[in-house]
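Colleague: this is a predicted model, with the sequence first.
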Amino acid sequence: MKGVSKRLVLLRTTWSRSCSHVAFHHNVASETSSLLNHCYNRDLPKAMQTLDTMEKRGVWADAIAYSELIKCCLAHRAVREGKRVHQHIFSNGYQPKTFLINVLLNMYVKFNLLEEAHILFDKMPERNVVSWTTMISAYSYAKLNDRAMRLLIFMLRDGVMPNMYTFSSVLRACERLCDLKQVHSSILKVGLESDVFVRSALIDAYSKLGELLEAVGVFREMVTGDAVVWNSIIAAYAQHSDGDEALELYKCMRRAGFTTDQSTLTSVLRACTSLSLLELGRQIHVHVLKFEEDLILNNALLDMYCKCGSLEDAKFIFNRMADKDVISWSTMISGLAQNGFSMEALNLFDSMKVSGPRPNYITILGVLFACSHAGLVNEGWHHFRSMKNLYGIDPGREHYGCMLDLLGRAGKLDEMVALIREMNCEPDVVTWRTLLDACRAHRNVDLATYAAKEIIKLDRQDTGAYVLLSNIYANSKMWDDVAEVRRTMNARGIRKEPGCSWIEVNNQIHAFVVGDKSHPQIDNINRKLNQYINRLTEAGYVPDKNFVLQDLEEEQSECSLRHHSEKLAIVFGIISFPREKTIRIWKNLKICGDCHIFAKLIAKLEQRHIVIRDPIRYHHFQDGVCSCGDYW
């Protein structure tokens, strides 16, 4: 009987333990299921309550459940809850698998908590390619390029082979050509050079360092079946202002049968912008309409219309944009300012402060440019002095340049000199040329001489400084000084760059240089130009010979002025376009004073809207006035 009793007791104990074990696993399954349901529904508060209950009962879920909980924390940007999950996972000696630690690592990266991520990374007992790539990508994205490059070296020493995502990330961190070449070599060794994303990243990296030939070499190494690589090489040329090559590649891409996407069109629009091809830009706009609204693409459209001087189109795009970021607002403010519509630009800035994003470096630059064009000295000083306090923006070289331009317009040359002395960066050629231009406008020979000498110290071959100084001396009848400047130019082999103007007619670019004889319609253009000059002369127009090199004979200098490239382009535009169409001309040099007068008069005579874009600004001529206010 005793033996039977013992067996019964043992049986009852075993049954009890079995039931407890089943109940325990039932609880684990139930709690895990509940946790997953809350996570799938993105109900973070209930999910965290379930986690607390599990911890009190000594129950742990599986890696999938914790992964979903971490995704739920990310969806809610819940940093505190995310750290709580991390604490729970590692409590009571629980050792999660590498997969789950990688999920936590990614969470910290997404929260931009890179130090916390690196601490967790350092404690990992085992790291795989995902662990290393997550950290390398994080440092690369954060522009902590040295850390990203060091991690790649440690990864290789640890015997972990990088994959296409690792290389795509680390290529963004290559700041030196030697580093890029080494990474490229590693890519070739592991045979990943044919991967679409790696090739695209290689092209981007070489482009960023200005190595376009290397980028083209990567592109042409093999035929690709993916538009991503085409987009990268087109973007490379567009970003380096080689619009011709970018557009040619775009045509090749289309002929090869690849479909374009938003990325392609953004680069093509940038190419149109760099070449000022308004009509082609409008054709690309038609393709843009086929896609859903895209902020980056809309910003590229906005920039193209602003820089091609078509403010009506730019305003239409801006007003219709459902989403506007700081780039949208800044582009529109700067576009209005550069085209001479200063008050509109300042009013738009006021609207931005009320309903738009926080202004940035470029926004304030546009505001100062607007103040400069409108001659608003007090407003300009206010924005310049308060940009640090109001928006945390330190004045840069460009901001100082706008203020100098504003003071120069107002004839405040002493304040210009004082501002140059207080600049937080060394004055460059542009700084001194701004002062030199102001001296020309206000006939201050001594300060002009000083500014010109500072320019020549920085660049002995700066043609503009010699020419401006020569003309300033000539205007003051200082002929010995004019001769000295001319001798110096001849001794140093310096020649004035010939002015070139171009105009787009029927999707073709027509270029003109001074005294041009090559254009097929040049006889008709010259005949029409002479007629206009005769009519304007009868109305009081006198060629302003202060804007030609002063060593030319009297008759020769007037003939040179008569056939300046912008005059030829204006007349060709009048011949080619109906009266209601805007004539748009682009120049490689600043428009001269005589051509500026001529453009105002011919715009009034012919009732035309003429837009001339030189390297500094846009001039809108209409009804006998110019948007620049006759200061440029």
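Modeller: Here it is on my side, so go on.

Colleague: tell me where the stretch 501-632 of the chain has helices.
Modeller: All helices of the stretch 501-632 of the chain, identified by DSSP state H, counting those that start in this stretch, fall at 522-538, 554-562, 565-576, 593-605.

Colleague: what's the least confident stretch among those helices?
Modeller: Among the helices of the stretch 501-632 of the chain, helix 554-562 has the lowest mean pLDDT, at a mean of 52.

Colleague: hang on, the earlier thing: of the helices of the stretch 501-632 of the chain, give the one that comes closest to Trp586.
Modeller: Closest approach to Trp586 among these is made by helix 565-576 (8.7 Å; CB to CB). Glycine gets a C-beta too; all of them are placed from N, C-alpha and C.

Colleague: quick one: buried residues of that closest one?
Modeller: Neighbour counts over helix 565-576 (16 or more other CB atoms under 10 Å) mark Ser565, Glu566, Lys567, Leu568, Ala569, Ile570, Val571, Phe572, Gly573, Ile574 as buried.

Colleague: for the strand or helix carrying Ser267, packing partners?
Modeller: Per DSSP states H and E, Ser267 falls inside helix 262-275. When contacts are defined as 3 or more CB pairs under 8 Å, 6 or more residues apart in numbering; DSSP states H and E, helix 262-275 sits against helix 227-239, helix 243-255, helix 278-288, helix 295-307.

Colleague: from what I can see Thr259 touches Ala227, true?
Modeller: Yes - look at Thr259 against Ala227 with CB atoms under 8 Å: they come within range, at 6.6 Å.

Colleague: give me the more crowded residue out of those two.
Modeller: Neighbour tally, Thr259 and Ala227, criterion other CB atoms under 10 Å: the higher count belongs to Ala227, 19 against 8.

Colleague: so what's that one up against?
Modeller: Applying CB atoms under 8 Å, 6 or more residues apart in numbering to Ala227 gives the contacts Met253, Phe258, Thr259, Thr260, Asp261, Thr264.

Colleague: show the pLDDT at it.
Modeller: Listed pLDDT for Ala227 reads 86.

Colleague: and it, how close does it get to Ala215?
Modeller: 17 Å (CB to CB, to the nearest Å).

Colleague: next: Lys453.
Modeller: The value you get for Lys453 to Ala215, if CB to CB is used, is 41 Å.

Colleague: tell me which of those two has more neighbours.
Modeller: Neighbour tally, Lys453 and Ala215, criterion other CB under 10 Å: the higher count belongs to Ala215, 24 against 12.

Colleague: state the three-state secondary structure for that one.
Modeller: Following DSSP: H, G, I helix; E, B strand; the rest coil, the label given to Ala215 is helix.

Colleague: and it, what does it touch?
Modeller: Applying CB under 8 Å, 6+ apart, we find Ala215 in contact with Leu202, Ile203, Tyr206, Ser207, Ser232, Ile233, Ala236.

Colleague: change it to 7 Å
Modeller: Ile203, Tyr206, Ser207, Ile233, Ala236 (CB atoms under 7 Å, 6 or more residues apart in numbering).

Colleague: element containing the first one?
Modeller: In this case it means Ile203. Assessed by DSSP H and E, Ile203 sits inside helix 196-208.

Colleague: which residues sit against that helix?
Modeller: Identification of contacts with helix 196-208 by CB under 7 Å, 6+ apart yields 164, 167-168, 171-172, 174, 180, 184, 187, 192-193, 214-215, 218-219, 224, 226, 228-229, 232-233, 236, 239-240.

Colleague: how about a cut-off of 8 Å?
Modeller: Helix 196-208 is contacted from outside by 164-165, 167-168, 171-172, 174, 180, 183-184, 187, 192-193, 212, 214-215, 218-219, 221, 224, 226, 228-229, 231-233, 235-236, 239-240, using CB under 8 Å, 6+ apart.

Colleague: gap between Tyr141 and Ala173?
Modeller: Note on Tyr141: its distance to Ala173, by CB to CB, is 9 Å.

Colleague: which of those two has more neighbours?
Modeller: Legend: neighbour count by other CB under 10 Å for Tyr141 and Ala173, higher for Ala173 (26 against 15).

Colleague: show the backbone phi and psi for the more buried one.
Modeller: Note on Ala173: its backbone torsions stand at phi -90, psi 0 [degrees, to the nearest 10].

Colleague: dump the residue contacts of it.
Modeller: Counting by CB under 8 Å, 6+ apart, Ala173 makes contact with Ile136, Tyr139, Ser140, Asn145, Ala148, Met149.

Colleague: surely the second one and Thr133 touch.
Modeller: No - taking contacts as CB under 8 Å, Tyr139 lies outside contact range of Thr133: 11.1 Å.

Colleague: where does the prediction get shaky in the stretch 401-550 of the chain?
Modeller: Counting by pLDDT under 70, the stretch 401-550 of the chain contains low-confidence ranges at 544-550.

Colleague: state the mean pLDDT of stretch 190-210.
Modeller: For stretch 190-210, the mean pLDDT works out to 91.

Colleague: could you do stretch 337-357 as well?
Modeller: The average pLDDT within stretch 337-357 is 93.

Colleague: name the residues of that stretch that are buried.
Modeller: For stretch 337-357, the neighbour count (16+ other CB under 10 Å) marks 337-342, 344-346, 348-349, 352, 356 as buried.

Colleague: returning to that earlier point: let me have the helices and strands packed on helix 262-275 in a markdown table, adding distance to Ile525 as columns.
Modeller: Formatted as a markdown table, the helices and strands packed on helix 262-275 follow (distance: least, CB to CB, whole Å):
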| stretch | distance to Ile525 |
| --- | --- |
| helix 227-239 | 33 |
| helix 243-255 | 25 |
| helix 278-288 | 21 |
| helix 295-307 | 27 |
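
Colleague: out of those, nearest to Phe621?
Modeller: Checking those against Phe621 by CB to CB gives helix 278-288 as the closest, at 16.9 Å.

Colleague: could you list the buried residues of stretch 377-391?
Modeller: Buried residues in stretch 377-391, defined by neighbour count with 16+ other CB under 10 Å: Val377, Glu379, Gly380, Trp381, His383, Phe384, Met387.
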